[in-house]
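Undergrad: okay, sequence plus prediction incoming.
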Amino acid sequence: MITRSAVFVFLTLLLAGLVQAVERGHPAKAEVTEVDIDQKVLSLTVDDATVEVGDLFAVLREPEDAGIPVKNLAVIGIESIGKDRAVGKVLFGTMPSVGAVSKRFYGIPAVFTNRAGEPGPATPALKSRFPDLLWQDEPAASSDVPLVRFQVTGRGQAVATYNNTWLVGIVQTDAEERRVGSVEGEASAPPIARLPINAKSLSAFRSGNDYYFAAEHGNKLSFFLVDSSGAVQSLASIEVPRREKVIRMDWYVSENSYYLILNQWNGRRVSSSLIQLAEGKAKAIGFMPLMLGLQDLDADGRRETILGQSFYSEQGFGSEIYEILISPNRPDLDKAVHEELSRYTPVFRVIGAVVRNKPRPLNMVTVSQGKVSFFPAGTEGPHLDYEIGNRVAGTSMTYDVSPELVFSPRQTLFLPNLLVRSGGDAVNIGIPQESIAAEDMIGVYDTRVDWLTLRSGKSPKTQSTSLLTSAPVSPVSGNTGLFFMSPDENSVQNDSFDVETLVYRAAMPAGR
Amino acid sequence: MKRNILATAIAGITTLSGSWTATAAEIEFHGDMDNRFQAYTNQRDWFVGGNSGGGTLKDDEPTESFGEVKYRFWAKATSDDKKVTGVFATEIGGIRYGEGSGGDFSGDGVNVETRWAYVDFLVPNTLDQRVSLGLQPVSVNRHVWTETATAAVWKGSLGSGINYQLLWGRGDSSNESGVDSEQDEGWDGADNFAINLNKRYSPNLSAGLFYLYQMNDQIAEGVGTVNSREYELKSIADNSKYSVSSVGVELDYGQETSLGRMFVKGTVIGQSGTIEGVNFVPLNGATNPNTNYDLSTFLGRGELGLQFGPNQLTYTVLYASGDSNEQDGDFDAFIATDVDFSDSMIFQENMTSDDYFAETPYILDKGYFMNKLQLDHKVAANITVSGMIVYNRLAENIALADGSSSKDLGLEFGSKISYFPYPSLELSAEAAYLVSGDAMDALEETALQDGKSDQDIVHVAGRVRYKF
């Protein structure tokens, strides 16, 4: 896990190294003469005898007949110097063609932007921290070299990216000036619902202007409908099946029924129940020894496919993905191996997401406590880790790897609450962070949500929103928005029987 | 496709600076802090820790109550890219309240032991193949070998959905105390080679297969002994020559029924081989003059259960073959290598896990025929109460003082309650009562041996355990 200080050290080293390379000589050009695509190494003829191991070159242009767009920049690091040629390695970007012309870095421009991506003057603290950067008020229209970008995401923090793709982490933008950029909704957000129970866990579903909630409290699951005025209607209640620990809930809505997918842990394996909500009653209609998750496999913006994967303490996740179908005329579940997705295990997890561009999957998204990872379709190739913030919110379940061992290792299964939305050519992923006390406001807690936008063939874009509340909140599962909950300690005075539960909804950033 | 950003960045730094930059590691600190209490037993000398049966029943019913600390801590250093992990684990105790080094006034005892020390890494260019090297928890099969050992383990998955494990472990070496032996060189220690294959065929069905080959050649170190109470391979590894093969299959099947979820689990294991360079000493002390033995054994275990509502009813049957002739040249009793078993609170491990009669799935060299019925009821997600009845028998008769023989160890009644006020904190209690059968007469002190059982056994214990 990368800490903020580690990110800072990394950035400093990166930039210092680059600047050191720049200061040593004037611009030099080199032409690619040989490439080895497998090893990602290439040979260059250099017109400047002062080139040294460690120099960085950026590809300026491809040969005219290669048909490769100029914007496909690559960064090459020189690894050895031979007679009349240098051998380099592609550190970033696509392998250039033979005949491509590259140019040594002559300076590292940097730009500081607000939350909307508009350039502006960098803060003094940031400038003093990175004095060797060539700070620009706005990026040049056409630049031959990649750009270091600091984009404000929240209070005193900015995302540092390199060439829009090296997601290297967050840095403090100004120690004194706490408010950089505007945070939406400075005042504490009002709850969208107040449920008359002390919920241990919660799942939310938005239907028009109404919200459906499933709440675990005690040994019960209770269902509520909250309308646009905030009026709460209790719908039904049911015993928690088998009284096993509830680890994750999700709403599944078909054309004519509402279902709750209930994932439970018994110390050895995860199993799931499907609870149907109909005619004022809740009824468990099926059980499976699988962990179930919802996916949007046809990229229509609705997560209507139930996928299952076994999870045992001895084995971890199973290697096969099942698609679960609810039989309309009988209270049962049918399952079939989803052969296409099964090929992607062990990368794909049903608690993550498959991000799909028709007709094939675009990426897999997996989440651990500290990061979100994007995997390419298939199991081969590198993956991209998103490490903004190491406080991804969710629930964790710690278990003994083998219960039969007297002294057994322990592992943690992290169950995230992401919001994945796909549509058009873009996929949006909302990643809630844990609540932290707002440093400049007493009694206010700030829960940041990082939003990533993925477009095929383009660099991920980031944006953040903040939810300000009067108490720390925990994430609520839901596929129609990002919801949070907290117990309302004040309700004890109003109701001597129990604590009420407040539910909040995170705002989507503008332009989504 | 984007590259692994961090790896690229680090590579870039290395290139630029011309020297390696130390990569960071994420450190996790784990612990298992077990505070256990023997509330009462009427037979202190029964729970004294033999491998396959260590205790003796006494006439004066020596009672015992104690508190004990047994803590384990381990640090896990994981590289930034999650591909390499190093683990170091320590163990403290058991330190009894007021006793021994560390437990009496002022503490200050030297109590820290090394429990694990190993490195685990992802095989390059793979996604799910890992190798572990060092002193680590190994598990081939819970009935045969599941404990800590120095080993090299390769785990991974095949494209067909089969999970596999390849293991080489060395349990003992001829080179003791760092001094090379002139007689013993090369592959002459207690070496263990295992392959495990497991496949989940459907959400309801999984099956596994294992083969374990164990060889040892330390016969040059003299003729050793194996006795009825220490009947495990680890007891003779330092002083024998053996070649033992164990092969087993496992099955786990579940199915929804109108009554609830039914499950069936089964294990069948066969063993064969030879053991040389030891004399067998049975319980009666009449040493078998043979030094070469043929091993041929069997173990079967089955569980049939039903989960209905917050309840789970489980019937377990276990049969481990025993030895009916203590003086011939055959070992017919199933033999484990190093295990920890807890089916019975009286005959095997319980909450006071350093104080037990046997750690094996059998008793002495007489095998085991156990029938157990257990009901678990979840009062809430974090509270479980259990009740059980265990009928304990030997697989083979044991000779008694009056010239008769018996297999009947007795009927055991037990109960447990566990409560997790927080997910990481366990408060538990257990109690067991054994109505002894006549075979227990052989395990009574000499003055009591008359062919009939004379002592029942009571065990009451609890623990407060914090795991993180």
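TA: Happy to help now that I have it.

Undergrad: and for residue 313, the neighbour number?
TA: Chain wasn't specified; assuming chain A. If you count neighbours by other C-beta atoms under 10 Å in any protein chain shown, A:Ser313 ends up with 20. Every residue, glycine included, has its C-beta placed from N, CA and C.

Undergrad: try again with chain B
TA: Neighbour tally, B:Leu313, other C-beta under 10 Å: 16.

Undergrad: for A:Ala199, give me its contacts.
TA: Shown in contact with A:Ala199 (C-beta atoms under 8 Å, 6 or more residues apart in numbering or on different chains): A:215-217, A:485, A:487, A:501.

Undergrad: one more time with 6 Å, if that's ok
TA: Contacts for A:Ala199 (C-beta atoms under 6 Å, 6 or more residues apart in numbering or on different chains) come out as A:215, A:217, A:501.

Undergrad: just the ones of these in strands?
TA: Judged by DSSP state E, strands contain the following of those: A:215, A:217, A:501.

Undergrad: do you know the pLDDT at the last one?
TA: I take that to be A:Thr501. Per-residue confidence (pLDDT) for A:Thr501: 92.

Undergrad: isn't it right up against A:Leu195?
TA: Yes. A:Thr501 is within contact range of A:Leu195, at 4.4 Å (criterion: C-beta atoms under 6 Å).

Undergrad: so which of these two has more stuff around it?
TA: The neighbour comparison of A:Thr501 against A:Leu195 (other C-beta under 10 Å) goes to A:Thr501, with 25 against 22.

Undergrad: what helix or strand does the residue nearest to A:Leu44 when sequence neighbours are not counted sit in?
TA: Leaving out its chain neighbours, the residue that sits closest to A:Leu44 by C-beta to C-beta, 6 or more residues apart in numbering or on different chains is A:Ala30, at 4.0 Å. Assessed by DSSP states H and E, A:Ala30 sits inside strand A:29-36.

Undergrad: now the strands for the stretch 1-150 of chain B?
TA: B:25-41, B:64-79, B:84-96, B:112-122, B:130-141, B:145-157 (DSSP state E, counting those that start in this stretch).

Undergrad: which among those is found nearest to B:Asn284?
TA: strand B:25-41 (26.4 Å; C-beta to C-beta).

Undergrad: coming back round to it: which strands and helices sit next to the strand holding A:Ala30?
TA: Secondary-structure packing of strand A:29-36 (3 or more C-beta pairs under 6 Å, 6 or more residues apart in numbering or on different chains; DSSP states H and E): strand A:41-46, strand A:101-104.

Undergrad: is the biggest strand by length in chain A anywhere near chain B?
TA: When every strand of chain A is counted residue by residue (DSSP E), the longest turns out to be strand A:445-455. No. Legend: contact between strand A:445-455 and chain B by C-beta under 6 Å from any C-beta of the partner chain is lacking; minimum distance shown is 10.7 Å.

Undergrad: so A:Val226 touches A:Tyr211, yeah?
TA: Yes. Using C-beta under 6 Å, A:Val226 is in contact with A:Tyr211, at 4.6 Å.

Undergrad: how many neighbouring residues does B:Thr63 have?
TA: 12.

Undergrad: tell me which residue in the stretch 101-250 of chain A sits closest to chain B.
TA: A:Arg243 (3.9 Å; C-beta to the nearest C-beta).

Undergrad: ok, that residue - contacts?
TA: A:219, B:310, B:378, B:381.

Undergrad: mind doing that once more with 8 Å?
TA: A:Arg243 touches A:219, B:309-310, B:378-381, counting by C-beta under 8 Å, 6+ apart.

Undergrad: let's have those residues in a markdown table, adding secondary structure.
TA: Formatted as a markdown table, the contacts of A:Arg243 follow (DSSP: H, G, I helix; E, B strand; the rest coil):
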| residue | secondary structure |
| --- | --- |
| A:Asn219 | coil |
| B:Gly309 | coil |
| B:Pro310 | coil |
| B:Lys378 | strand |
| B:Val379 | strand |
| B:Ala380 | strand |
| B:Ala381 | coil |
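
Undergrad: closest to B:Gly224 among these?
TA: B:Lys378 (48.8 Å).

Undergrad: from chain A, how far out is that closest one?
TA: Distance, B:Lys378 to chain A, using C-beta to the nearest C-beta, to the nearest Å: 4 Å.

Undergrad: what pairs with that residue across the strands?
TA: Note on B:Lys378: beta-bridge partners by DSSP bridges are B:Thr384.

Undergrad: ok, A:Leu134 next?
TA: Here A:Leu134, judged by DSSP bridges, has bridge partners A:Pro109.

Undergrad: what is the neighbour count of it?
TA: 15.

Undergrad: that one contacts A:Val111, correct?
TA: No. Applying C-beta atoms under 8 Å as the test, A:Leu134 and A:Val111 come out as separate, 9.8 Å apart.

Undergrad: now do the SS call for B:Ala447.
TA: Applying three-state DSSP: B:Ala447 is helix.

Undergrad: run a quick neighbour tally on the nearest residue to it once chain neighbours are set aside.
TA: Closest residue in space to B:Ala447, ignoring its immediate chain neighbours: B:Asp59 at 6.3 Å, by C-beta to C-beta, 6+ apart. Neighbour count of B:Asp59, defined by other C-beta under 10 Å: 11.

Undergrad: for B:Asp59, list the residues it contacts.
TA: Shown in contact with B:Asp59 (C-beta under 8 Å, 6+ apart): B:444-445, B:447-448, B:454-455.

Undergrad: how about a cut-off of 7 Å?
TA: B:445, B:447-448 (C-beta atoms under 7 Å, 6 or more residues apart in numbering or on different chains).

Undergrad: again with B:Asn311
TA: With C-beta under 7 Å, 6+ apart, B:Asn311 has these contacts: B:375-377.
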